[in-house]
Structure formats: C-alpha cells, structure tokens
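In: The sequence isn't on hand, but the structure is:
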C-alpha cells in the first residue's frame, strides 16, 4: 500500500510534456542533440504496410533535395553497349631478312661472321664444342696408349725370347716354337693402326654431324655447291655480294675450310 502522505509520483509522459513546455524559444545551440530536435519537430508518420517502393520518404524541410536519376536511364545505360575506341594493332615492322643458311656458305669471311652469330645466339654452343674437344682428346690418348703398349709388348717378348734361347742353349736344348719375328710384330702393329684409323674415321664423321647440327659453316654444305673431282671451276663472274649462296668449291677447298674452322673453334674454346 502506498503512503497517502507522499505525493504521487508523476508518470514519465507528464514529465516530458512539462519539460517541453518550459523549453526556451531560442535557436538551438551547437552541441545539442540534432537528431532529437528533428524527431521533435517532425514526428515519424504512421507506417502503412504498402509496397516498399510506395513509402512516403519526404525529406525534412530546409534540407536540399538531391534529384534522383531515373531508374530507366540507368537500365538503358546498362543495356546499351558503350562505344569503346578499338585498340589498333601496332604497326608491323618490316619483315626481317632470313638468316643465311650455313649449308650455302663456301667462303671463309662469310663463315666467320656466321659462326660468330651462332655462338652468340646458342646458349649451349660453347659447352657442346668443349665436350667434343674433351672426347677427342680422351680418344687420342687411349689410342696412343694402346699403340705404345703393343710396342712395349713386342720389345719385352723379343728380350724374353733371347733370354730363354740362351738359357736353353746352355742346357743343351732348343725352342720347339719359333720366336716372334720382326715381320710378325710389324703385322700386329699394322692391324692395330687399321683399327685405330677406322675409329678415327667414325669419330670424325660423328663430329661432322654434330657440327652440322650446331650450324657450324662448312659442315653439311649442299652437294650442288661442291664440284665433282676433276671438274674445273666455271669461268663466269662470282655471285654478287648480296647473294645468299656462295660460289662452288672443290672437295679439297672444302676440306681446308673445315680444318680451318676446327682450328678456330679450338683456339676460341680451349680450356
């Protein structure tokens, strides 16, 4: 039970109305609650459950209204493709002249320029040349060691035969088998040389194919640029300097150019 002597506590609505009636009519100073002022002078309109696009969204007074863009215009801009300037292809450079085919080079000056370009444009060129040089050196040492071993065997066998013959002679006996003669030793040496020669020819052929694959001039020259044996060079004028095909040469001249190129590569890439 509430005490009758105590005054009745006013409700919150009465307090708010009293405060509103006592509010000064002066303009609102900075620092006051602007949001509360807007809500006081412009109470929220009643909500009607209509379509969301039909709600009354009028802006408050003294607030500049920003004109809205028509939705149809935005949709039209989305649907109508925008014109974009076409990107033109860059002008094509003039067609570069093709590189000279190493198979058509038959002159040293042209071959030297060609090998310089190939060595600069081929990353593994130096590695391939040095590997070929190392393989060749290894094979040459192997063949030389085989030949020296055979000569030592012949010399040792001849000395052993002489020692054995003198020992048996002192005992009053003789050898039943004939010792190895100098002619037999010479035959064995020639057989070894023939085998080495065949191996050298095979190595040269393989190296020539590898040099041709690498594009080294004078290896893999077109057959029509090599004169047959006994045929003289034509007495006509040589091809012009702008021609990509060299003059015809003999097999001897081609072999000399090949040797010169090999010597040049050995000097360039010798370790």
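Out: Nice, thanks for sending it over. Fair warning: this is a prediction, and the values are worked out from it, not measured in the lab.
In: how about the one helix or strand residue 113 maps to: buried residues?
Out: Here residue 113 sits within helix 108-121, counting by DSSP states H and E. For helix 108-121, the neighbour count (16 or more other C-beta atoms under 10 Å) marks 110-111, 114-115, 118-119 as buried. No exception for glycine: its C-beta is placed from N, CA and C like everyone else's.
In: What ranges does the chain have for its strands?
Out: Counting by DSSP state E, the chain has no strands at all.
In: lowest average confidence, helix or strand, in it?
Out: helix 34-41 (a mean of 42; mean pLDDT, DSSP states H and E).
In: For stretch 249-266, list every residue counted as buried.
Out: 249-250, 254, 257-258, 261-262, 265.
In: what's the longest helix in the chain?
Out: helix 125-170 (DSSP state H).
In: Remind me what that one packs against, helices and strands.
Out: Where contact means 3 or more C-beta pairs under 8 Å, 6 or more residues apart in numbering; DSSP states H and E, helix 125-170 is packed against helix 108-121, helix 182-213, helix 251-269.
In: Quick check: phi and psi at residue 217.
Out: For residue 217, the backbone dihedrals (degrees, to the nearest 10) come out as phi -60, psi 150.
In: Now that it has come up, it's in contact with residue 109, right?
Out: No: the pair residue 217 / residue 109 is not scored as a contact, 10.5 Å apart, by C-beta atoms under 8 Å.
In: Quick one: neighbours of the nearest residue to residue 192 once chain neighbours are set aside, just the number.
Out: Spatially, and ignoring its direct neighbours in sequence, residue 192 is nearest to residue 150 (5.6 Å; C-beta to C-beta, 6 or more residues apart in numbering). Neighbour count for residue 150, taken as other C-beta atoms under 10 Å: 16.
In: check contacts around the nearest residue to residue 234 once chain neighbours are set aside.
Out: Spatially, and ignoring its direct neighbours in sequence, residue 234 is nearest to residue 248 (7.1 Å; C-beta to C-beta, 6+ apart). By C-beta atoms under 8 Å, 6 or more residues apart in numbering, the contact list for residue 248 reads 106, 224-227, 233-234.
In: show me what contacts the nearest residue to residue 221 once chain neighbours are set aside?
Out: Nearest residue to residue 221, sequence neighbours excluded (C-beta to C-beta, 6+ apart): residue 103, at 5.8 Å. Contact analysis of residue 103 by C-beta under 8 Å, 6+ apart lists 220-222.
In: and these, which are buried?
Out: residue 221.
In: could I get the contacts of residue 103 as JSON lines with pLDDT and distance to residue 187?
Out: Supplementary listing: those in JSON lines, determined by pLDDT from 0 to 100; distance: C-beta to C-beta, whole Å:
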{"residue": "220", "pLDDT": "93", "distance to residue 187": "39"}
{"residue": "221", "pLDDT": "95", "distance to residue 187": "40"}
{"residue": "222", "pLDDT": "94", "distance to residue 187": "43"}
